[in-house]
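Undergrad: missing the sequence, but the structure's below:
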Ligand SMILES: CCCCCCCCCC(=O)SCCNC(=O)CCNC(=O)[C@H](O)C(C)(C)COP(=O)(O)OP(=O)(O)OC[C@H]1O[C@@H](n2cnc3c(N)ncnc32)[C@H](O)[C@@H]1OP(=O)(O)O
């Protein structure tokens, strides 16, 4: 139970927790839109200064009551693992795209995505570190749904063509083999017509204390 700004907030209630997650996800999305507005704005300098002051005030309001670390890894009401604070897939984290990953019956994974102007690296194209981050996470998720959840040991990325932002793309990945605690996963980001832009291969290693801990249902 928290007392904040005249309101009593009961975080222990499951219903309230879901409503709170939805509110935080909406805040995360609004912040992403703010980030894109910042990188694209052409408003006059005095308006920029005025908005900056308003944002400082808003930042202060959010800091009035805060956690010591981002939202935790948890099991959702439908029984699936979720990590709402994750830097790539977390809806509550403005850094996240967020990547919305679907698993297939064959235990491969896919995610429809569109990068934003704030992901720009080379002029007009997405930063290679951003696409590598997406590949790292998606390949890690593919290892997990195949029953081999692990930490990235190595990630090899081949940039075949520049990646556009603002266009629909498809990322896919699949676990290819395991030897003991080591698992190999392949993935790619492609245009809707199948043209591959980025290819990646990762070696994921299940830490000893994770063995059996994240086995899929
Ligand atoms: C559950 C949901 C998951 C959702 C997806 C999340 C994806 C997130 C992806 C990430 O970003 S993870 C963050 C980036 N990666 C790291 O921070 C990893 C940091 N490194 C470590 O924590 C440890 O080094 C690691 C767990 C990878 C390995 O430690 P261990 O102590 O378990 O390894 P050990 O020394 O026992 O070696 C086991 C085997 O792995 C090999 N190995 C270890 N580290 C390696 C490495 N980095 N690259 C290649 N091989 C490696 C090692 O040679 C050996 O091979 P052999 O069995 O054949 O002898």
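TA: All right, it came through fine. It should be emphasised that the depicted structure is a prediction, and the values quoted were computed from it without experimental measurement.
Undergrad: Specify the beta-bridge partners of residue 103.
TA: Residue 103 has the following beta-bridge partners by DSSP bridges: residue 109.
Undergrad: separation between it and the ligand?
TA: For residue 103, the distance to the ligand equals 12 Å [C-beta to the nearest ligand atom, to the nearest Å]. (Glycine included, C-beta is placed from N, CA and C.)
Undergrad: Counting neighbours, what do you get for that residue?
TA: Burial of residue 103 is recorded as 16 neighbouring residues (other C-beta atoms under 10 Å).
Undergrad: same deal with residue 45?
TA: 7.
Undergrad: Same question for residue 122.
TA: Neighbours of residue 122 (other C-beta under 10 Å): 10.
Undergrad: The nearest residue to it once chain neighbours are set aside: which element?
TA: Spatial nearest neighbour of residue 122, excluding adjacent residues (C-beta to C-beta, 6 or more residues apart in numbering): residue 162 at 6.8 Å. Using DSSP states H and E, residue 162 sits within no helix or strand.
Undergrad: Thought residue 197 was touching residue 162, still the case?
TA: Yes. With contact defined as C-beta atoms under 8 Å, residue 162 reaches residue 197; the gap is 7.4 Å.
Undergrad: Name the residue in the two with the higher neighbour count.
TA: residue 197 (19 against 14).
Undergrad: mind listing what that one touches?
TA: 131, 159-163, 169, 188-191 (C-beta atoms under 8 Å, 6 or more residues apart in numbering).
Undergrad: near the ligand, which residues of this protein show up?
TA: 136-137, 140-141, 144, 149, 151-154, 180-182, 203, 205, 207-208, 214 (C-beta under 6 Å from any ligand atom).
Undergrad: Just the buried ones from those residues?
TA: Buried members of those, counted by 16 or more other C-beta atoms under 10 Å: 136-137, 140-141, 144, 149, 152, 203, 205, 214.
Undergrad: Output those residues as JSON lines; include the columns secondary structure and pLDDT.
TA: Shown next, in JSON lines, are these (DSSP: H, G, I helix; E, B strand; the rest coil; pLDDT from 0 to 100):
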{"residue": "136", "secondary structure": "helix", "pLDDT": "98"}
{"residue": "137", "secondary structure": "helix", "pLDDT": "96"}
{"residue": "140", "secondary structure": "helix", "pLDDT": "95"}
{"residue": "141", "secondary structure": "helix", "pLDDT": "92"}
{"residue": "144", "secondary structure": "helix", "pLDDT": "90"}
{"residue": "149", "secondary structure": "coil", "pLDDT": "90"}
{"residue": "152", "secondary structure": "strand", "pLDDT": "98"}
{"residue": "203", "secondary structure": "strand", "pLDDT": "98"}
{"residue": "205", "secondary structure": "strand", "pLDDT": "98"}
{"residue": "214", "secondary structure": "coil", "pLDDT": "74"}
